[in-house]
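K.L.:
Any chance you could fold what I've pasted below:
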Amino acid sequence: MHPTVLHLALVAALFPPAAVYAQTAPATDAQPVAKAKDKDETIQRVEVKGAAGYDPRRDVTASKTVLSAAEIRKYGDDNIFDVLKRAPGVTVTDKTIRMRGLGAGYTQILVNGDRPPPGFSLDALTPDQIERIEVIRAASAEYSMQAIAGTINIVLRKVVAKPQRDLRLNASRSPLQRSSTVGGTWGGKTGGLSYFLNGTAFGGHNAFYSRTDDRFTRPDGTVAQQRLANYRGGGAYRGIVLFPRLNWKIDDANELNLSAGLQASSHAWSGASHNDIRVGSFGDPDWVDMPGRTSGDQWMMRAEAGWIAKVGGGKLDLSLSGERSRDDNDNVTDYFSASRTHHLARDWDTVYRPRRTSFRAKFTRSLFDGHALATGIDASRQRNDDTLDRRDRQDDGPATRVVEGYQPQVVRLAGFVQDEWNVTKQWSMYVGGRWEGVRTDSAATGMAATASRGHVLSPVAQTLYKFPNKSGRQLRLALTRTFKAPTVGQLTARRYLAALNTRFSPDSSGNPALRPELANGIDVAFEQFWADGAMVSVSGAQRLISDTIRTRLDQGPDGRWIYRPLNDGRARVHSLEAELKLPLRMVSKAADGYDVHASVTRNWSAVSTVPGPDNRLDGQTPMSANAGLDYRKDKLSFGASMAYREGGWVRISDAQRRRQPTRRDVDAYAAWKLDAHVQLRFTLNNILGMDNASDSAYEDGSGLARQSSWQQGATRVGVNVELKM
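P.N.:
Next comes the predicted model:
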């Protein structure tokens, strides 16, 4: 039997009802994603598996890789993206985090088990604030099922069990960047009351230099248009992040948790772009010099109250949270033609004001025969009040001003139930299901109000079999139904105008009729564990995706080029991953203190409606690999790693192609523990000084349009001082 037919038969047998998505009116803003707060393990896991030596990688039925605080901080990174580029099976492209090589949106990113609140910035999240990172390959009913590729859950540091006082100072520099960070933790416990405050202040300056070559070639080989664009610019930024938390254990049956979050930052950039027009014309008039400046301020505030109570023989966990944020940006650009004959002054101001309220309830209880049952509901309501104020004036003509408002409202509701139990001493099972629904109402300047409603039912089953006699060998199998919802921008009918509309810089618009992508998946893994943390893992996965969403470039009736998303056909995704962790003392006593880790992932995909070759899903990375060597003994530790990401051309449609760059990021660190309270850490990032390059092409009967871009990269040197008081 063909493996695809076997896979579909297994899914159909286990999950007879199909996932449903019903739409009652054109949607303008919807991600049918409910919020699921990441709490401690269920009661069964705490009481049964909480013994010494418990390893979630080995013992949890759902496949999960956990990066500890020590692993996160050892390279001295100052952002979450540099940390994750070394995680097995994870790739990072332009601050987009991916699993299985799939593009943006296929990987679910959570913070403390919940989707980040509006205005929350991963850029401002420093490794010092992170307790651990969970890389979850198959879906879990407790979290949203919008995780076709998998889930990455970033768990922030929480209440401490003993007094904690630490301070971290970081400074880094490269030819293009300089930054400094100061952060610390203050926590303690008094009786049943414990408190925790983690804060970071940061600032720095970034510089940018990029080149772009745009050209249009006719079918006979004649170059009809060509221009070279050079951009130089940079600017300063600064910000602060605070995460306070208070825990009050009232008695053995009740516990109160209060937490908050604050992020605030500002930036001011300036730069200038120059177009060298070699052949033809790109507009009337042709703009050749474009100096500009951008400034902005952002802030986000969050508060959450949680209550944990022992009731009905189990644990009830309730939480209510609210978030508000604001993002103001002012962009001023002047456009000049050759010899400054013509001048266009453009001032575009944007204000985003989202706010959200969420409620979560979860009940867990151990049942007969070792079953751990969990069920819960999630509900949230998000409202936005966004404004775009555009002012343009060309030459001595009259000034024009357009003010647009956008007010979407999204209400989400989800319910889930899951059960995990040990069938035998070696065999455990996990079965769950999640229903997620969303209603969207939207209003915008110059547009009729719209409403949409949709829901998705997602069952999931996973199993873990451990070979007898404590051999360390085990097998995993997971069957899932997941989805990828259209983004707000993809659903809205608003049109975003490009300053200079061409094939290379088109307008963009959404599609209110978009449906979510639905995926039936199967994951299989073999793992071998030895003493001292050694392990090897080989896994494979397949996703069969229906209603795939791709973005198509077209020329509208008004002659302007525009990007629009649409549902178009099916896609098949395969991946194969291998991982190794090995303390070298297992090979030779002379290598005591050295540890090796490596992983490699190979990805394939094919879209049914796109002709080959290279008809992969847009943005998929064909292959990624990580390798590293670490040494730790006494007061000294050092190490180096390389993260490899293969590039190549991707065919998006019969006319569109895009090339991703191949990257090799080599990093190194050395740490010296001066005494019990002070440690120095030195780091090198992007040792090879890799630049960024990309290409895109659009070819039809009129000719070939191609854009080649390049951005300078540089090696970065950093020093960290870590103090424990």
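K.L.:
and the residue nearest in space to the middle of the chain, helix, strand or coil?
P.N.:
For the chain, the residue nearest the mean C-alpha position is residue 97 (4.1 Å; C-alpha atoms, centre = their mean). The local conformation at residue 97, judged by DSSP: H, G, I helix; E, B strand; the rest coil, is strand.
K.L.:
What's opposite it in the beta bridge?
P.N.:
Listed by DSSP bridges, the beta-bridge partners for residue 97 are residue 92.
K.L.:
In this structure it contacts residue 85, no?
P.N.:
No - applying C-beta atoms under 8 Å as the test, residue 97 and residue 85 come out as separate, 9.0 Å apart. All C-beta atoms are positioned from the backbone trio N, CA, C, and that covers glycine.
K.L.:
OK, contacts around residue 192?
P.N.:
Residues counted as contacts of residue 192 (C-beta atoms under 8 Å, 6 or more residues apart in numbering) are 248-250.
K.L.:
Mutual contacts of residue 97 and residue 85, please.
P.N.:
Common contact partners of residue 97 and residue 85 (C-beta under 8 Å, 6+ apart): residue 91.
K.L.:
in the chain, which ranges drop under the pLDDT threshold?
P.N.:
1-54, 56, 76, 78, 124, 159-161, 499 (pLDDT under 70).
K.L.:
Show me the helices in it, by range?
P.N.:
Per DSSP state H, the chain carries helices over the ranges 3-14, 43-48, 56-59, 69-73, 80-84, 488-491.
K.L.:
which non-adjacent residue is nearest residue 403?
P.N.:
Excluding its sequence neighbours, the residue lying closest to residue 403 (C-beta to C-beta, 6 or more residues apart in numbering) is residue 389, at 5.1 Å.
K.L.:
One more: residue 706?
P.N.:
Nearest residue to residue 706, sequence neighbours excluded (C-beta to C-beta, 6+ apart): residue 697, at 4.6 Å.
K.L.:
got a list of what that neighbour touches?
P.N.:
Shown in contact with residue 697 (C-beta under 8 Å, 6+ apart): 656-658, 704-707.
K.L.:
could I get those residues as CSV with neighbour count and distance to residue 472?
P.N.:
Listed next are those as CSV, based on neighbours: other C-beta atoms under 10 Å; distance: C-beta to C-beta, whole Å:
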residue, neighbour count, distance to residue 472
656, 21, 48
657, 19, 46
658, 18, 44
704, 17, 56
705, 23, 56
706, 20, 53
707, 20, 52
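K.L.:
in the sheet, who's paired with the residue nearest to residue 706?
P.N.:
residue 657, residue 706.
K.L.:
go on, residue 189?
P.N.:
In beta-bridge terms (that is, DSSP bridges), residue 189 pairs with residue 194.
K.L.:
my read: it touches residue 162, true?
P.N.:
Yes - assessed by C-beta under 8 Å, residue 189 is found in contact with residue 162 at 6.8 Å.
K.L.:
Counting neighbours, go ahead and name the busier of the two.
P.N.:
Neighbours were counted for residue 189 and for residue 162 using other C-beta atoms under 10 Å; residue 189 has more, 17 against 8.
K.L.:
What's the separation between the more buried one and residue 227?
P.N.:
64 Å (C-beta to C-beta, to the nearest Å).
K.L.:
Enumerate every residue touching residue 90.
P.N.:
Residue 90 touches 84, 97-99, 135, 152, 624, counting by C-beta under 8 Å, 6+ apart.
K.L.:
so how far is the longest strand anywhere in the chain off the chain centroid?
P.N.:
As assigned by DSSP state E, the longest strand anywhere in the chain is strand 223-251. Taking C-alpha atoms, centre = their mean, to the nearest Å, one finds strand 223-251 lying 14 Å from the centre of the chain it belongs to.
K.L.:
go on, stretch 365-374?
P.N.:
Worked out by C-alpha atoms, centre = their mean, stretch 365-374 lies 33 Å from the chain centre.
K.L.:
Give me the buried positions along it.
P.N.:
Buried residues in stretch 365-374, counted by 16 or more other C-beta atoms under 10 Å: 365-366, 372-374.
K.L.:
Go through those residues and flag which are in strands.
P.N.:
Short answer: those in strands (DSSP E) are 365-366, 372-374.
K.L.:
Distance to residue 630 added to these, as JSON lines?
P.N.:
Formatted as JSON lines, these follow (distance: C-beta to C-beta, whole Å):
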{"residue": "365", "distance to residue 630": "42"}
{"residue": "366", "distance to residue 630": "39"}
{"residue": "372", "distance to residue 630": "36"}
{"residue": "373", "distance to residue 630": "41"}
{"residue": "374", "distance to residue 630": "37"}
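K.L.:
how about the residues you listed, which pair is most distant?
P.N.:
Distance extremes for those: the farthest pair is 366 and 374 at 10.4 Å, using C-beta to C-beta.
K.L.:
Count the residues that sit near the nearest residue to residue 613 once chain neighbours are set aside.
P.N.:
In space, and not counting its chain neighbours, residue 613 is closest to residue 651: 7.1 Å by C-beta to C-beta, 6+ apart. Neighbour count of residue 651, defined by other C-beta under 10 Å: 19.
K.L.:
I'd guessed residue 651 sits against residue 617; true?
P.N.:
No - between residue 651 and residue 617 no contact is recorded; they are 10.6 Å apart, counting by C-beta under 8 Å.
K.L.:
Quick check: neighbours shared by these two?
P.N.:
Residues touching both residue 651 and residue 617 by C-beta under 8 Å, 6+ apart: none at all.
K.L.:
quick one: residue 450 from residue 605, how far?
P.N.:
Per C-beta to C-beta, residue 450 is found 33 Å from residue 605.
K.L.:
Need the residues that contact stretch 382-397.
P.N.:
29, 118, 342-356, 399-410, 412.
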